[in-house]
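Novice: no sequence on this one, just coordinates:
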């Protein structure tokens with residue numbers, strides 16, 4: 001079932017987040033992108049409070065690592 005694949009993806013993101021937080025400095029592109037993807041999965045699976053918290057954390061990182069020219073608009077996408 002397709003819905004179960006998204007749930008598995010969210011579970012994987014939840015499991016990986018603490019590992020990323022240990023592996024990377026607090027402001028690191030991979031961490032910010034992971035948090036943004038985690039937020040997107042949470043929102044897709046209708047966990048808005050979790051998604052908002054993760055998106056806020058992602059924006060704090062991505063506003064440093066991906067802002068300005070060449071940032072690809074990722075901050076604007078996460079803010080939506």
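Specialist: Sure, I can see it. Bear in mind that the values here come from a model prediction, so they are computed numbers and not experimental data. Numbers count the residues shown, from 1 in each chain.

Novice: now for the closest residue to residue 24 other than its chain neighbours: which residues touch it?
Specialist: Excluding its sequence neighbours, the residue lying closest to residue 24 (C-beta to C-beta, 6 or more residues apart in numbering) is residue 31, at 4.4 Å. Any C-beta I mention is one placed from the backbone N, CA and C, and that applies to glycine too. Residues near residue 31 by C-beta atoms under 8 Å, 6 or more residues apart in numbering: 20, 21, 24, 25, 61.

Novice: how about 6 Å then?
Specialist: 20, 24, 61 (C-beta atoms under 6 Å, 6 or more residues apart in numbering).

Novice: model confidence score at it, please.
Specialist: Listed pLDDT for residue 31 reads 95.

Novice: now it: which helix or strand?
Specialist: helix 29-44 (DSSP states H and E).

Novice: buried sites along that helix?
Specialist: Buried positions in helix 29-44, judged by neighbour count with 16 or more other C-beta atoms under 10 Å: 31-43.
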